[in-house]
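Trainee: the following comprises the amino acid sequence and a computationally predicted model.
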Amino acid sequence: MGGYSKILCAGLIWGTTGLFVRSLQSKGIDAVSIVILRALVATVLMLVWALSKDRRVFAIDASSIGLILAIGVSNVVLSQLSFIYTMTHTPVAVAVILNYTAPIFATLLSRLIYGEPITPAKLLALALSLGGLVFVVGLHETSGRVELLYILTGLASGFSYALHTVLFKAALKKRSPLYINLWGTAFGTLSVALFASLGPTGISFPRSASSWAVAGLMGLGPGLLAFMLYFSALASTEVSRASVVAMSEPVAAFVLGVVVLHERFTMLQVVGMLLVLLGIAITTSDSYRGVRGRPHVHQS
């Protein structure tokens, strides 16, 4: 399988997240517990993979612990939790689009941290994306709009995903993607689990074999397999092109939301989604023009 084919498959797998979330939600499992189940399954599978393929990840590097902990917080605690919480209260495609504001935030963070210039193309992308978000979340309507709380949590998922990307980029200078993903996810899972266990409702574990099967598939597919495909493809593809190809995720999420979950969207919402995707495509291609080889990490 070629590099672009792997990335396309990764995006399509990530796009199925909404189906798993809706299934577990229908079984009475709350958003926090869904995050824990997905991350827990992914962690266990990565441990099995590491034991059989690369035991070097068990050599803990004390100098990178702080960065790994920050990656775990930005990924599982902030990004995944806010993303799945938004998805449990809005149409799947809306949650995914809000999450895909990450490249916009990454552009701003890169300016602050790395001093990268904000070009006219980036400003155009920001304008298109923000305009598209107005239509997607229904701010132009008097009824049927997405509630402000879920708009904020959706944008928070995009911001924390962008922060996770910046932190991951720094960590890759020292350790492998498997090492970073494994220990970052493990710490994030533990943090969310401790938080949930202290809450009034605790953790909602599946009560049937079918629900455990759904949780297992979610951890295996969007939680692990998509990442393996994506990272293995980056060695032979340009990062900027890989980022664009990975946008098959929101397209897949939209199609699955309409066909499988029977979610309804207005024409203006569809136009808004296309504007956001166009803005992100411009942001991604402009941000990485002439800066090939830098890692770009995806998380949904």
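Mentor: Yep, that arrived.
Trainee: my guess is residue 219 contacts residue 38, does it?
Mentor: Yes: between residue 219 and residue 38 there is a contact at 5.2 Å, judged by CB atoms under 8 Å. For every residue, glycine as well, the C-beta is placed using N, CA and C.
Trainee: neighbour count winner among these two?
Mentor: residue 38 (28 against 22; other CB atoms under 10 Å).
Trainee: secondary structure class of the more buried one, three-state.
Mentor: Classification of residue 38 using DSSP: H, G, I helix; E, B strand; the rest coil returns helix.
Trainee: list the residues that contact it.
Mentor: Counting by CB atoms under 8 Å, 6 or more residues apart in numbering, residue 38 touches 20, 80, 84, 215, 218-219, 222-223.
Trainee: let's see it at 6 Å
Mentor: 218-219, 223 (CB atoms under 6 Å, 6 or more residues apart in numbering).
Trainee: where does pLDDT dip in the stretch 101-250 of the chain?
Mentor: 114, 116, 122, 137-145, 231-248 (pLDDT under 70).
Trainee: what segments of it are helices?
Mentor: Ranges of helices in the stretch 101-250 of the chain, per DSSP state H, counting those that start in this stretch, are 102-114, 120-136, 148-171, 177-197, 209-220, 226-234, 239-245, 248-259.
Trainee: can you say which of those helices is nearest to residue 16?
Mentor: helix 248-259 (6.6 Å; CB to CB).
Trainee: helix or strand right after that closest one?
Mentor: Counting by DSSP states H and E, the element after helix 248-259 in chain order, helix or strand, is helix 267-287.
Trainee: now that following helix: average pLDDT?
Mentor: Per-region confidence: helix 267-287 scores 74 on mean pLDDT.
Trainee: who are the packing partners of that helix?
Mentor: Counting by 3 or more CB pairs under 6 Å, 6 or more residues apart in numbering; DSSP states H and E, the packing neighbours recorded for helix 267-287 are helix 102-114, helix 120-136, helix 239-245.
Trainee: and those helices: which comes nearest residue 179?
Mentor: Per CB to CB, nearest to residue 179 of these: helix 239-245, 20.0 Å.
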